[in-house]
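Participant: Sequence unavailable; structure follows:
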């Protein structure tokens, strides 16, 4: 079976075509580097993703703070992760590196703040 992939490992975003038999990659064309092959293999065995989003901030000079996961999580858990992130409300001030939520959806990944939000003056 032939499958199309767009690599998300680097900014190039190679469009690749993989020949798959019994859930194993037989051939791959279109990748500009070895990372493409690694990406397709990961997609076949255990697809993972990272998430960047924002959470509410009470009492802040901005209403939201950007956050991201500190490590990739299984693709199947993305909706659960986003549902938990949507419930987070932080109190200003918020600092880069602050953990907004630990072990999101039982994935072992933490939601980490990536933007300072100071208190309203």
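Facilitator: Okay, I see it. Remember, it's a predicted structure, so these values are computed and weren't measured experimentally.
Participant: which residues sit in contact with the residue nearest the centre of the chain?
Facilitator: For the chain, residue 50 is the residue whose C-alpha lies nearest the centre (CA atoms, centre = their mean; 1.2 Å). Residues near residue 50 by CB atoms under 8 Å, 6 or more residues apart in numbering: 68, 69, 71, 72, 73. From N, CA and C alone the C-beta is placed, and that goes for glycine too.
Participant: residues touching the residue lying closest to the second one once chain neighbours are set aside, list them.
Facilitator: When you say that, I think you mean residue 69. Leaving aside its sequence neighbours, residue 69 sits nearest to residue 109 (CB to CB, 6 or more residues apart in numbering; 4.5 Å). Neighbouring residues of residue 109 by CB under 8 Å, 6+ apart: 69, 70, 71, 72, 73, 81, 103.
Participant: was I right about residue 98 contacting residue 113?
Facilitator: Yes: counting by CB atoms under 8 Å, residue 98 does reach residue 113; the two are 4.4 Å apart.
Participant: what about those two, which has more around it?
Facilitator: residue 113 (21 against 16; other CB atoms under 10 Å).
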